[in-house]
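> Next one to model:
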Amino acid sequence: MLARYRQFVVPLAIVAAGVLFYMENPWFFPADGSTERQVATVAFWILAIAVLVLMFEDRHAADAQTVEVEGPAFTRYLFSNTRAGLFWLPVRIFLSFEWIGAAGPRLHHVRVVPRLPPVPHRQQRAGLVRLADRAR
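All right, here's what the predicted structure looks like:
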């Protein structure tokens, strides 16, 4: 029954990815707690679940790929079929923005700390440490 809706999977996945991009990008996004953000969140999850259901039902199609991994049918489809890549697209977009956001402060405050060579005597090492502290 749902095989005839196969043509809607790609557009729905693109819209879901666009909504997620709008919510999570660092340049322009709806304010936290706003009605706009709540509507976008609900819309994303409805679209994501619809895409997942439509793709999962599409596994019965004659041109679906054959998978030889043992396990539950749902996990086999989700992790072993190239068509399931549309499901993973929003996940990848979200994770990339999270990683970029987490790396931002670290990239702006990079500080080079000089490594001291091994020094056999404590007094010499203490002197080198004092010199390195003064250089900072």
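> State the helix or strand in which Asp32 lies.
Element membership for Asp32, per DSSP states H and E: none, as it lies in no helix or strand.
> same check, this time on the one 5 residues further on
Using DSSP H and E, the element containing Arg37 is helix 35-57.
> Show me what counts as buried in the lowest-mean-pLDDT helix or strand in the chain.
When the helices and strands of the chain are compared on mean pLDDT, DSSP states H and E, helix 122-135 comes out lowest with a mean of 73. Buried residues in helix 122-135, counted by 16 or more other C-beta atoms under 10 Å: none are found. For glycine as for every other residue, the C-beta is placed from the backbone atoms N, C-alpha and C.
> circling back: show me which positions of the helix or strand just after the helix holding Arg37 end up buried.
Remark: after helix 35-57, the chain's next helix or strand is helix 73-80, criterion DSSP H and E. With burial defined by 16+ other C-beta under 10 Å, the residues of helix 73-80 counted as buried are 76-77.
> Output helix 73-80 as CSV, restricted to C-alpha atoms.
In CSV, the C-alpha atoms belonging to helix 73-80 read as follows (Å, rounded to 0.1, in the frame of the first residue of the first chain):
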residue,chain,number,x,y,z
ALA,A,73,14.5,-6.5,9.6
PHE,A,74,14.3,-2.9,10.8
THR,A,75,18.0,-2.7,11.9
ARG,A,76,19.1,-4.6,8.8
TYR,A,77,17.3,-2.1,6.6
LEU,A,78,18.5,0.9,8.6
PHE,A,79,22.2,0.1,8.7
SER,A,80,22.7,-2.0,5.5
